[in-house]
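A.B. asks: whatever this is, show me its structure:
(one chain, ligands or ions: 1)
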Amino acid sequence: MNALAHRRFLRMNGLGNEITVLDLRGTKSVASEAEARAIAAAPGMHFDQLMVLHDPRTPGTDAFVRIYNTDGSEAGACGNGTRCVAWAMMADPEMGDPARKTLTLETKGGLLPARRLSDLVFTVDMGKPRLAWDEIPLAEPFHDTSGFELQIGPIDAPVLHTPGAVSMGNPHAVFFVDDPYRFNLEQIGPLLENHPIFPDRANISLAAVKAPDHIVLRVWERGAGITRACGSGACAALVAAVRREFSDRKATVSLPGGDLVIEWRESDGHVLMTGPVELEREGVLEPALFAAA
Ligand SMILES: N[C@H](CCC[C@H](N)C(=O)O)C(=O)O
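C.D. replies: Numbering: from 1, shown residues only. As a prediction, this is how the structure comes out:
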(Lines give C-alpha, C1' and ligand atoms only; values in the text may rest on other atoms or scores of the structure.)
Protein backbone atom coordinates (compact mmCIF):
# COMPACT_ATOMS: atom_id res chain seq x y z
CA MET A 1 0.00 0.00 0.00
CA ASN A 2 1.36 3.41 -0.98
CA ALA A 3 2.28 5.46 2.10
CA LEU A 4 0.18 8.37 0.84
CA ALA A 5 -2.97 6.31 0.25
CA HIS A 6 -5.92 7.20 2.48
CA ARG A 7 -4.16 10.30 3.76
CA ARG A 8 -6.30 13.39 4.37
CA PHE A 9 -5.51 16.49 2.32
CA LEU A 10 -6.74 20.11 2.28
CA ARG A 11 -7.59 21.79 -0.99
CA MET A 12 -6.90 25.52 -0.64
CA ASN A 13 -5.95 28.51 -2.73
CA GLY A 14 -4.02 31.72 -2.38
CA LEU A 15 -5.66 34.26 -4.66
CA GLY A 16 -6.67 31.42 -6.95
CA ASN A 17 -3.20 29.75 -6.94
CA GLU A 18 -4.36 26.17 -6.43
CA ILE A 19 -2.72 24.60 -3.40
CA THR A 20 -3.05 21.10 -1.93
CA VAL A 21 -1.77 20.60 1.64
CA LEU A 22 -0.72 17.17 2.91
CA ASP A 23 0.55 16.42 6.42
CA LEU A 24 3.26 13.75 6.65
CA ARG A 25 4.57 14.88 10.03
CA GLY A 26 5.17 11.94 12.37
CA THR A 27 6.07 9.70 9.43
CA LYS A 28 9.26 9.01 7.53
CA SER A 29 7.36 9.15 4.24
CA VAL A 30 8.45 11.46 1.44
CA ALA A 31 6.29 12.01 -1.62
CA SER A 32 8.08 11.23 -4.87
CA GLU A 33 7.87 13.54 -7.90
CA ALA A 34 5.95 10.75 -9.67
CA GLU A 35 3.41 10.60 -6.83
CA ALA A 36 2.99 14.38 -6.91
CA ARG A 37 2.41 14.24 -10.70
CA ALA A 38 -0.09 11.39 -10.25
CA ILE A 39 -2.13 13.40 -7.73
CA ALA A 40 -2.12 16.51 -9.94
CA ALA A 41 -3.19 14.49 -12.99
CA ALA A 42 -6.12 12.74 -11.29
CA PRO A 43 -9.65 14.01 -12.08
CA GLY A 44 -10.64 16.82 -9.73
CA MET A 45 -7.26 16.76 -8.01
CA HIS A 46 -5.28 19.30 -10.09
CA PHE A 47 -3.00 21.60 -8.11
CA ASP A 48 -0.47 24.25 -9.03
CA GLN A 49 1.53 23.29 -5.97
CA LEU A 50 1.43 20.47 -3.43
CA MET A 51 2.72 21.54 0.00
CA VAL A 52 3.82 18.55 2.12
CA LEU A 53 4.45 19.04 5.84
CA HIS A 54 7.28 17.10 7.49
CA ASP A 55 8.69 17.13 11.02
CA PRO A 56 10.85 20.21 11.72
CA ARG A 57 14.54 19.92 10.85
CA THR A 58 15.84 23.11 12.50
CA PRO A 59 15.40 24.06 16.18
CA GLY A 60 12.86 26.88 16.52
CA THR A 61 10.92 25.90 13.42
CA ASP A 62 7.49 24.25 13.33
CA ALA A 63 7.68 22.15 10.16
CA PHE A 64 9.81 21.44 7.11
CA VAL A 65 7.73 21.84 3.95
CA ARG A 66 8.42 20.26 0.59
CA ILE A 67 6.93 22.04 -2.42
CA TYR A 68 5.95 20.21 -5.62
CA ASN A 69 4.73 21.79 -8.86
CA THR A 70 2.10 20.30 -11.15
CA ASP A 71 4.85 18.55 -13.13
CA GLY A 72 6.22 17.02 -9.93
CA SER A 73 9.33 19.22 -9.81
CA GLU A 74 10.33 20.43 -6.36
CA ALA A 75 10.68 24.15 -5.62
CA GLY A 76 12.40 26.09 -2.85
CA ALA A 77 9.62 28.62 -2.32
CA CYS A 78 5.90 29.08 -2.78
CA GLY A 79 4.49 32.25 -1.22
CA ASN A 80 0.81 31.45 -1.66
CA GLY A 81 1.35 27.87 -0.54
CA THR A 82 3.21 29.02 2.56
CA ARG A 83 0.27 31.19 3.60
CA CYS A 84 -2.02 28.16 3.11
CA VAL A 85 0.24 25.96 5.26
CA ALA A 86 0.30 28.65 7.95
CA TRP A 87 -3.52 28.64 7.99
CA ALA A 88 -3.59 24.82 8.18
CA MET A 89 -1.12 24.70 11.07
CA MET A 90 -3.08 27.31 13.03
CA ALA A 91 -6.72 26.73 12.08
CA ASP A 92 -7.29 23.22 10.69
CA PRO A 93 -8.90 20.99 13.35
CA GLU A 94 -6.50 18.10 12.63
CA MET A 95 -3.29 19.86 11.45
CA GLY A 96 -3.55 23.01 13.49
CA ASP A 97 -3.22 24.64 16.88
CA PRO A 98 -5.67 27.57 17.10
CA ALA A 99 -3.67 29.10 19.93
CA ARG A 100 -0.84 29.86 17.48
CA LYS A 101 -0.76 33.26 15.81
CA THR A 102 2.85 32.94 14.60
CA LEU A 103 5.00 30.05 13.44
CA THR A 104 8.16 29.45 11.46
CA LEU A 105 8.23 27.13 8.46
CA GLU A 106 11.30 25.89 6.64
CA THR A 107 11.62 24.98 2.98
CA LYS A 108 14.62 24.22 0.79
CA GLY A 109 14.71 27.98 0.21
CA GLY A 110 15.14 28.90 3.89
CA LEU A 111 13.19 29.89 7.02
CA LEU A 112 9.77 31.51 6.64
CA PRO A 113 8.26 33.19 9.72
CA ALA A 114 4.48 33.55 9.30
CA ARG A 115 1.97 35.67 11.23
CA ARG A 116 -1.83 35.42 11.25
CA LEU A 117 -3.30 38.91 10.90
CA SER A 118 -6.94 37.77 10.82
CA ASP A 119 -8.88 34.56 10.14
CA LEU A 120 -7.77 34.32 6.53
CA VAL A 121 -4.98 36.89 6.12
CA PHE A 122 -1.31 36.10 6.75
CA THR A 123 2.03 37.83 6.46
CA VAL A 124 5.04 35.66 5.54
CA ASP A 125 8.62 36.87 5.81
CA MET A 126 9.98 35.44 2.57
CA GLY A 127 13.56 36.25 3.57
CA LYS A 128 16.17 38.14 1.60
CA PRO A 129 16.16 38.10 -2.19
CA ARG A 130 19.20 36.43 -3.77
CA LEU A 131 20.51 38.65 -6.55
CA ALA A 132 23.89 37.32 -7.66
CA TRP A 133 23.80 35.65 -11.10
CA ASP A 134 24.95 32.30 -9.68
CA GLU A 135 22.33 32.42 -6.90
CA ILE A 136 19.36 32.80 -9.24
CA PRO A 137 20.94 30.74 -10.90
CA LEU A 138 21.84 31.93 -14.37
CA ALA A 139 24.18 30.11 -16.73
CA GLU A 140 26.47 33.13 -17.01
CA PRO A 141 27.13 36.48 -15.30
CA PHE A 142 24.82 39.40 -16.10
CA HIS A 143 24.92 43.09 -15.24
CA ASP A 144 23.21 43.27 -11.90
CA THR A 145 20.83 46.18 -12.49
CA SER A 146 20.18 46.44 -16.21
CA GLY A 147 19.43 42.73 -16.46
CA PHE A 148 20.41 40.71 -19.49
CA GLU A 149 19.37 40.52 -23.11
CA LEU A 150 17.04 37.65 -23.80
CA GLN A 151 15.57 36.99 -27.21
CA ILE A 152 13.30 34.13 -28.11
CA GLY A 153 11.70 32.79 -31.25
CA PRO A 154 9.59 32.07 -33.06
CA ILE A 155 9.78 35.29 -35.03
CA ASP A 156 6.24 36.35 -34.19
CA ALA A 157 7.01 36.16 -30.47
CA PRO A 158 7.77 39.57 -29.00
CA VAL A 159 11.42 40.19 -28.36
CA LEU A 160 11.78 40.68 -24.62
CA HIS A 161 14.72 42.58 -23.23
CA THR A 162 16.59 42.94 -19.99
CA PRO A 163 14.53 41.06 -17.40
CA GLY A 164 15.36 41.42 -13.75
CA ALA A 165 16.59 38.16 -12.23
CA VAL A 166 15.72 37.45 -8.59
CA SER A 167 15.63 34.32 -6.44
CA MET A 168 13.26 34.11 -3.47
CA GLY A 169 14.51 30.58 -2.92
CA ASN A 170 13.27 29.88 -6.46
CA PRO A 171 14.34 31.43 -9.77
CA HIS A 172 12.39 34.36 -11.29
CA ALA A 173 12.84 36.45 -14.42
CA VAL A 174 10.77 39.65 -14.39
CA PHE A 175 10.08 41.44 -17.69
CA PHE A 176 8.84 45.01 -17.34
CA VAL A 177 6.29 45.69 -20.07
CA ASP A 178 3.57 48.24 -20.81
CA ASP A 179 0.70 45.77 -20.59
CA PRO A 180 1.19 42.17 -19.33
CA TYR A 181 -2.05 41.15 -21.02
CA ARG A 182 -0.78 42.19 -24.46
CA PHE A 183 1.59 39.21 -24.60
CA ASN A 184 0.79 35.62 -25.55
CA LEU A 185 2.14 34.20 -22.29
CA GLU A 186 0.97 30.69 -23.23
CA GLN A 187 3.43 30.84 -26.14
CA ILE A 188 6.38 32.71 -24.70
CA GLY A 189 6.15 31.33 -21.14
CA PRO A 190 7.49 27.83 -21.86
CA LEU A 191 10.16 29.19 -24.23
CA LEU A 192 11.46 31.48 -21.51
CA GLU A 193 10.98 28.98 -18.65
CA ASN A 194 13.23 26.54 -20.48
CA HIS A 195 15.73 29.06 -21.92
CA PRO A 196 19.32 27.78 -21.51
CA ILE A 197 20.23 30.91 -19.51
CA PHE A 198 18.20 29.30 -16.67
CA PRO A 199 19.96 26.04 -15.71
CA ASP A 200 17.16 25.27 -13.20
CA ARG A 201 14.46 26.75 -15.49
CA ALA A 202 12.64 29.86 -14.16
CA ASN A 203 9.32 31.41 -13.25
CA ILE A 204 8.51 34.08 -15.83
CA SER A 205 6.74 37.32 -14.88
CA LEU A 206 5.37 40.15 -17.02
CA ALA A 207 5.14 43.26 -14.84
CA ALA A 208 3.64 46.71 -15.49
CA VAL A 209 4.42 49.42 -12.94
CA LYS A 210 1.24 51.50 -12.81
CA ALA A 211 2.36 53.72 -9.92
CA PRO A 212 5.27 53.72 -7.44
CA ASP A 213 3.04 51.62 -5.12
CA HIS A 214 1.20 49.49 -7.70
CA ILE A 215 2.42 46.72 -9.99
CA VAL A 216 0.25 44.59 -12.29
CA LEU A 217 1.67 41.09 -12.76
CA ARG A 218 1.07 37.94 -14.78
CA VAL A 219 3.16 34.82 -14.18
CA TRP A 220 4.05 31.72 -16.15
CA GLU A 221 5.22 29.44 -13.35
CA ARG A 222 8.03 26.93 -13.66
CA GLY A 223 6.50 23.47 -13.56
CA ALA A 224 2.91 24.74 -13.40
CA GLY A 225 2.22 27.17 -16.29
CA ILE A 226 0.02 30.25 -15.99
CA THR A 227 -1.40 30.56 -12.48
CA ARG A 228 -3.92 33.01 -11.01
CA ALA A 229 -1.27 34.23 -8.56
CA CYS A 230 2.38 33.69 -7.65
CA GLY A 231 3.52 34.94 -4.24
CA SER A 232 7.26 34.53 -4.76
CA GLY A 233 6.80 36.08 -8.22
CA ALA A 234 5.16 39.12 -6.64
CA CYS A 235 8.13 39.42 -4.27
CA ALA A 236 10.61 39.08 -7.16
CA ALA A 237 8.78 41.71 -9.21
CA LEU A 238 8.78 44.22 -6.35
CA VAL A 239 12.50 43.68 -5.72
CA ALA A 240 13.35 44.04 -9.43
CA ALA A 241 11.19 47.19 -9.66
CA VAL A 242 12.87 48.79 -6.62
CA ARG A 243 16.34 48.01 -8.01
CA ARG A 244 15.40 49.87 -11.19
CA GLU A 245 13.82 52.70 -9.21
CA PHE A 246 10.45 51.93 -10.80
CA SER A 247 8.64 51.52 -7.48
CA ASP A 248 8.63 52.19 -3.74
CA ARG A 249 9.81 49.48 -1.34
CA LYS A 250 6.19 48.71 -0.45
CA ALA A 251 3.58 48.19 -3.14
CA THR A 252 0.36 46.41 -4.01
CA VAL A 253 0.93 43.69 -6.61
CA SER A 254 -2.23 42.96 -8.60
CA LEU A 255 -2.35 39.44 -10.00
CA PRO A 256 -5.21 37.90 -12.00
CA GLY A 257 -6.51 36.31 -8.78
CA GLY A 258 -6.21 39.40 -6.60
CA ASP A 259 -3.82 41.65 -4.69
CA LEU A 260 -0.82 40.99 -2.48
CA VAL A 261 0.98 43.64 -0.45
CA ILE A 262 4.75 43.23 -0.75
CA GLU A 263 7.39 45.14 1.20
CA TRP A 264 11.16 44.91 0.77
CA ARG A 265 11.95 45.98 4.31
CA GLU A 266 14.71 48.58 4.51
CA SER A 267 15.89 47.57 8.00
CA ASP A 268 16.95 44.00 7.25
CA GLY A 269 16.43 43.48 3.52
CA HIS A 270 13.71 40.86 4.09
CA VAL A 271 10.69 40.71 1.78
CA LEU A 272 7.28 40.55 3.49
CA MET A 273 4.25 39.21 1.62
CA THR A 274 0.71 39.75 2.95
CA GLY A 275 -2.40 38.20 1.50
CA PRO A 276 -5.41 35.93 1.99
CA VAL A 277 -6.01 32.20 1.84
CA GLU A 278 -9.14 30.19 1.14
CA LEU A 279 -10.09 26.66 2.19
CA GLU A 280 -12.06 24.97 -0.60
CA ARG A 281 -12.50 21.39 0.66
CA GLU A 282 -10.79 18.47 2.26
CA GLY A 283 -10.47 14.93 0.99
CA VAL A 284 -8.64 11.62 1.19
CA LEU A 285 -6.03 10.37 -1.28
CA GLU A 286 -7.48 7.26 -2.95
CA PRO A 287 -5.06 4.33 -3.36
CA ALA A 288 -5.94 4.10 -7.06
CA LEU A 289 -4.22 7.47 -7.56
CA PHE A 290 -0.85 5.80 -7.19
CA ALA A 291 -1.38 2.77 -9.38
CA ALA A 292 0.93 4.17 -12.07
CA ALA A 293 3.20 6.27 -9.84
N1 LIG B 1 6.46 27.36 -9.59
C2 LIG B 1 7.37 27.84 -8.53
C3 LIG B 1 6.88 27.39 -7.13
C4 LIG B 1 5.57 28.03 -6.73
C5 LIG B 1 5.58 29.52 -6.75
C6 LIG B 1 4.23 30.22 -6.57
N7 LIG B 1 3.05 29.41 -6.67
C8 LIG B 1 4.22 31.09 -5.33
O9 LIG B 1 3.13 31.36 -4.79
O10 LIG B 1 5.31 31.56 -4.94
C11 LIG B 1 8.77 27.29 -8.78
O12 LIG B 1 8.90 26.21 -9.39
O13 LIG B 1 9.72 27.95 -8.35
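
A.B. asks: where does pLDDT dip in the stretch 101-250 of the chain?
C.D. replies: 143-161 (pLDDT under 70).

A.B. asks: show me what from it comes close to the ligand.
C.D. replies: Selection of the stretch 101-250 of the chain residues close to the ligand by Cβ under 6 Å from any ligand atom yields Asn170, Asn203, Glu221, Arg222, Gly223, Ala224, Thr227, Cys230, Gly231, Ser232, Gly233. The C-beta positions use only the backbone N, C-alpha and C, and glycine is treated the same way.

A.B. asks: taking these, tell me the two that lie furthest apart.
C.D. replies: Longest distance between any two of these is 15.1 Å, between Gly223 and Gly231; criterion Cβ to Cβ.

A.B. asks: filter the residues of the stretch 101-250 of the chain next to the ligand down to just the ones in helices.
C.D. replies: Judged by DSSP state H, the subset of these located in helices is Gly231, Ser232, Gly233.

A.B. asks: make JSON lines out of the residues you listed and add distance to Val209 and neighbour count.
C.D. replies: JSON lines is the format used below for those (distance: Cβ to Cβ, whole Å; neighbours: other Cβ atoms under 10 Å):
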{"residue": "Gly231", "distance to Val209": "19", "neighbour count": "29"}
{"residue": "Ser232", "distance to Val209": "19", "neighbour count": "33"}
{"residue": "Gly233", "distance to Val209": "15", "neighbour count": "33"}
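
A.B. asks: would you list these in CSV and tack on distance to Ala251?
C.D. replies: Formatted as CSV, these follow (distance: Cβ to Cβ, whole Å):
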residue, distance to Ala251
Gly231, 14
Ser232, 15
Gly233, 14
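
A.B. asks: which one of those residues sits closest to Thr162?
C.D. replies: When these are compared against Thr162 (criterion: Cβ to Cβ), the nearest one is Gly233, at 17.7 Å.

A.B. asks: tell me the contacts of the closest one?
C.D. replies: Going by Cβ atoms under 8 Å, 6 or more residues apart in numbering, Gly233 touches Gly79, His172, Val174, Asn203, Ser205, Leu217, Val219, Glu221.

A.B. asks: can you tell me which of these are in helices?
C.D. replies: Gly79.

A.B. asks: can you pull out the helices in the stretch 1-150 of the chain?
C.D. replies: 33-41, 79-91 (DSSP state H, counting those that start in this stretch).

A.B. asks: winner for burial among the ones you listed?
C.D. replies: Mean neighbours per residue, mean count of other Cβ atoms under 10 Å, is largest over the helices of the stretch 1-150 of the chain for helix 79-91, with a mean of 27.

A.B. asks: check the offset of it from the chain's centre.
C.D. replies: Centroid separation between helix 79-91 and its chain, computed with Cα atoms, centre = their mean, to the nearest Å, is 13 Å.

A.B. asks: check whether that helix comes near the ligand.
C.D. replies: Yes - counting by Cβ under 6 Å from any ligand atom, the ligand is contacted by helix 79-91 at Gly79, Asn80, Gly81.

A.B. asks: quick check: the first one vs Thr162, distance?
C.D. replies: By that I understand Gly79. Going from Gly79 to Thr162 by Cβ to Cβ, to the nearest Å gives 24 Å.

A.B. asks: okay, the residue nearest to Pro163 when sequence neighbours are not counted and Val242: tell me how far apart.
C.D. replies: Distance criterion Cβ to Cβ, 6 or more residues apart in numbering; nearest residue to Pro163, sequence neighbours excluded, is Ala173 at 4.2 Å. Going from Ala173 to Val242 by Cβ to Cβ gives 16 Å.

A.B. asks: which ones are touching the spatially closest residue to Pro256 that is not a sequence neighbour?
C.D. replies: Once flanking residues are discounted, Pro256 sits nearest to Arg228: 5.0 Å by Cβ to Cβ, 6+ apart. Applying Cβ under 8 Å, 6+ apart, we find Arg228 in contact with Asn13, Leu15, Gly16, Asn17, Glu18, Leu255, Pro256, Gly257.
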